[in-house]
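K.L.:
I'll drop the sequence and a predicted model, then ask my questions.
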Amino acid sequence: NRLLEAAMRNNSPSDSDLRAVIVNRELAARLTFDNPALAKSLTTLETTLGLFVEQFGAPSRDFQIRGEDLNDDRMIVQHKLAITRHLLGIRLGAHLTEIVESLSNQRTLSVAQSVRAALETAGAATYYEARFRKSAAEIPALLKQVNRALYGQRFAWKVWQATIGKESREERETFLRTQSQRDRKPDIDQDSPPSVMTFIDALEETLLKKLTEPAQRHGKPTPTQGQVRVIYSQLCDFVHPSIGSWKTYAHTEPQAFKVVISSCSRLESLQFLWFGIGECAATMSLLGFQALQDMESLRTSLVP
């Protein structure tokens, strides 16, 4: 609580996308059917978010690079590791902020979209941290991995930027045709980011490795293989224009043979997720946070 209060004092809502916010207590109780344990899982998000705000919530942060650093691959890696870690931290914290705010404003689709995005970013943090550590003994190999994390892309940004300022319709059409063909048959290589499912699998591997033994020790249910993939699949189906549209806005009244569609969504429709939205988002984000802390440890170990 002290951490959260300090974070809220130091970050006004306009400071950054990542800011300390509080779950509506009455709403938390209603969504969890007045089950104190489940309600606590929602408010756990506040503490988790507080960790991100403390580490990454400053309105801006400078990473000073000296000219001579550019001639030293080890120094370049250190700088890029710090920048990668900070960018992932801000992004994951921003997703958590959106989750809490969407919960309090009862925006069901925004909650589902933000939880899904949090899983993707937490998965990216765990994936890249493992790759960085595996490559740490060889600076050129580590630099390749860090560059992939920073610059990996499937959209031809440089070509697009060079094209949009030109009046040639032929050049624009060539770019559009090339990019659309690339989208239909994505070529994943060392210069493009891994697939999102690769991140999700990395998150699941970390979950099984780090939470199985503590759960057994405290007599709690242990995570199982496939759990994170199933959660992600549920969230994707929910936010896509498929059955998620029905679950979000429609309900039936069987006795009256009636289907009711409301423009006001029902957060209760997200209750099907494994151990609830709050604990799911907090647990996965904490795994991502730990990966970011491990990245910092790796970076400092490279200091001569």
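P.N.:
Perfect, thanks for sending it.
K.L.:
which ones are touching Asn24?
P.N.:
Asn24 makes contact with 103-104, according to CB atoms under 8 Å, 6 or more residues apart in numbering. For every residue, glycine as well, the C-beta is placed using N, CA and C.
K.L.:
which residues of the stretch 1-150 of the chain fall in helices?
P.N.:
Taking DSSP state H, counting those that start in this stretch as the criterion, the stretch 1-150 of the chain carries its helices at 2-10, 25-31, 36-56, 73-104, 108-135, 139-151.
K.L.:
okay, buried residues for the fourth one please.
P.N.:
Taking 16 or more other CB atoms under 10 Å as the basis for neighbour counts, the residues of helix 73-104 that come out buried are 75-86, 88-104.
K.L.:
confidence-wise, which of the helices of the stretch 1-150 of the chain is weakest overall?
P.N.:
Among the helices of the stretch 1-150 of the chain, helix 2-10 has the lowest mean pLDDT, at a mean of 49.
K.L.:
the inter-axis angle of the one helix or strand Met197 maps to versus helix 108-135?
P.N.:
Per DSSP states H and E, Met197 falls inside helix 196-217. Taking axes from the mean of the first three to the mean of the last three CA atoms, to 10 degrees, one finds that helix 196-217 is oriented at 90 degrees with respect to helix 108-135.
K.L.:
burial of Asp191, as a residue count?
P.N.:
Close neighbours of Asp191, defined as other CB atoms under 10 Å, add up to 13.
K.L.:
just checking, it touches Ala149?
P.N.:
No. Contact criterion CB atoms under 8 Å: Asp191 and Ala149 do not qualify, at 11.6 Å.
K.L.:
can you list residues touching both of those two?
P.N.:
With CB under 8 Å, 6+ apart, Asp191 and Ala149 have no common neighbours.
K.L.:
quick check: Asp294 touching Arg133?
P.N.:
Yes. Between Asp294 and Arg133 there is a contact under CB under 8 Å: 7.2 Å.
K.L.:
tell me the secondary structure for His251?
P.N.:
State at His251, reduced to three classes by DSSP: H, G, I helix; E, B strand; the rest coil: strand.
K.L.:
and it, bridged to which residues?
P.N.:
Beta bridges link His251 to Val260 when assigned by DSSP bridges.
K.L.:
tell me, how many residues neighbour it?
P.N.:
Around His251 there are 14 other residues, counting by other CB under 10 Å.
K.L.:
could you do Leu18 as well?
P.N.:
Using other CB under 10 Å, Leu18 has 25 neighbouring residues.
K.L.:
for the stretch 201-304 of the chain, what spans make up the helices?
P.N.:
Taking DSSP H, counting those that start in this stretch, the helices of the stretch 201-304 of the chain run over residues 227-239, 243-249, 277-301.
K.L.:
quick one: closest of these to Gln179.
P.N.:
For Gln179, the closest of the helices of the stretch 201-304 of the chain is helix 227-239, at 23.7 Å, according to CB to CB.
K.L.:
so how far is that closest one from its chain's centroid?
P.N.:
The chain centroid and the centroid of helix 227-239 are separated by 14 Å under CA atoms, centre = their mean, to the nearest Å.
K.L.:
list the buried residues of it.
P.N.:
227-228, 231-232, 234-235, 238-239.
K.L.:
pick the most deeply packed of the helices of the stretch 1-150 of the chain.
P.N.:
helix 108-135 (a mean of 23; mean count of other CB atoms under 10 Å).
K.L.:
for that helix, packing partners?
P.N.:
The contact analysis (3 or more CB pairs under 8 Å, 6 or more residues apart in numbering; DSSP states H and E) places helix 108-135 against helix 73-104, helix 139-151, helix 196-217, helix 227-239, helix 243-249, helix 277-301.
K.L.:
just want the angle from the longest one to helix 108-135.
P.N.:
Between helix 73-104 and helix 108-135, the angle comes out at 160 degrees (the same axes, to 10 degrees).
K.L.:
thanks again, I'm all set now.
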